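Visitor: pasting a predicted model and its sequence here:
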Amino acid sequence: MKGMIFTEFLDMVGDRFGLVVKDRVITAAGGAHDGAYTAVGNYDHAEMVAMVKELSTVTKLPLNALLSAFGEHVFVVFTKNYGHFFAEANGAIHFLSHIEDYIHVEVRKLYPDAELPSFSYPACPAGELVMEYRSPRPMAAFAEGLVRATVRHYGDPLTLLVEDISSGAGTAARFTLIPR
């Protein structure tokens, strides 16, 4: 997993929950890196999972709620650092429907070794969007946060339905966007 995800997670933890909680999360993760992540490095996703679990334990907030909030946090970072990706889309459905054929292509140019999740787009009624997220990592709630933040960013009147399609593993989800 790209180090940028780790550095942003620790920034979010420090900003929202304080440095004591951040230190506890790093210590509890017990990773080989002891919290010393670089944005361009690659790290085992198990370290991220351990940190999120510890944050859930410390804050008593549900793990998926924390992952979703983290997705929303990272979306803000993406819009600041990669604004051109968002400026070219005319709305949330347009943007989200081009993740595989545009966004992930561009990400692979910047980070050829990135291990990205995949999105497929089953047929759906006109004006709607169905996206299926799949990853070997249990980050579906993180993807949900990104999708929610995308809808909010564009201000589109959409309802988001989320369905776990991984039997609770957090590795696959179906996101359905329906105009209100």
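Guide: That came through fine.

Visitor: CA only for contacts and neighbour counts going forward, please
Guide: Fine.

Visitor: got the CA positions of stretch 52-67 in CSV?
Guide: The C-alpha trace of stretch 52-67 is given here as CSV (Å, rounded to 0.1, in the frame of the first residue of the first chain):
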residue,chain,number,x,y,z
VAL,A,52,-7.3,1.5,12.3
LYS,A,53,-8.3,-1.3,14.7
GLU,A,54,-6.4,0.4,17.5
LEU,A,55,-8.0,3.7,16.7
SER,A,56,-11.4,2.1,16.9
THR,A,57,-10.5,0.6,20.2
VAL,A,58,-9.2,3.9,21.6
THR,A,59,-12.0,6.1,20.3
LYS,A,60,-14.8,3.5,20.6
LEU,A,61,-15.9,4.4,17.1
PRO,A,62,-16.9,1.7,14.6
LEU,A,63,-14.0,0.6,12.4
ASN,A,64,-16.0,1.2,9.2
ALA,A,65,-17.0,4.7,10.3
LEU,A,66,-13.3,5.5,10.8
LEU,A,67,-12.3,4.1,7.4
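
Visitor: domain ranges for the protein?
Guide: The chain breaks down into these domains under automatic domain parsing: 3-61, 66-179.

Visitor: can you redo those domains as a markdown table with mean pLDDT and mean neighbour count?
Guide: Shown next, in a markdown table, are the domains of the chain (pLDDT from 0 to 100; neighbours: other CA atoms under 10 Å):
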| stretch | mean pLDDT | mean neighbour count |
| --- | --- | --- |
| domain 3-61 | 89 | 17 |
| domain 66-179 | 92 | 17 |
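
Visitor: tell me the spacing between Asp34 and Gly41.
Guide: Distance of Asp34 to Gly41, computed by CA to CA, to the nearest Å: 14 Å.

Visitor: any idea which helix or strand comes after the helix of greatest length in the chain?
Guide: When the chain is parsed with DSSP state H, its longest helix is helix 63-81. Next along the chain after helix 63-81, taking DSSP states H and E as the criterion, comes helix 83-87.

Visitor: for that next one, give me every contacting residue.
Guide: By CA atoms under 8 Å, 6 or more residues apart in numbering, the residues outside helix 83-87 that reach it are Thr79, Phe95, Ile103.

Visitor: where does the last one land in three-state SS?
Guide: Counting by DSSP: H, G, I helix; E, B strand; the rest coil, the backbone at Ile103 sits in helix.

Visitor: how about it, nearest residue that isn't a chain neighbour?
Guide: Phe85 (7.2 Å; CA to CA, 6 or more residues apart in numbering).

Visitor: gap between the one you found and Met131?
Guide: 19 Å.

Visitor: where do the helices of the protein begin and end?
Guide: Per DSSP H, the chain carries helices over the ranges 3-17, 19-29, 45-59, 63-81, 83-87, 92-96, 104-110, 140-154.

Visitor: put together a markdown table for the ones you listed, with distance to Ile178 on each row.
Guide: Listed next are those as a markdown table, based on distance: least, CA to CA, whole Å:
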| stretch | distance to Ile178 |
| --- | --- |
| helix 3-17 | 29 |
| helix 19-29 | 37 |
| helix 45-59 | 30 |
| helix 63-81 | 20 |
| helix 83-87 | 20 |
| helix 92-96 | 9 |
| helix 104-110 | 24 |
| helix 140-154 | 11 |
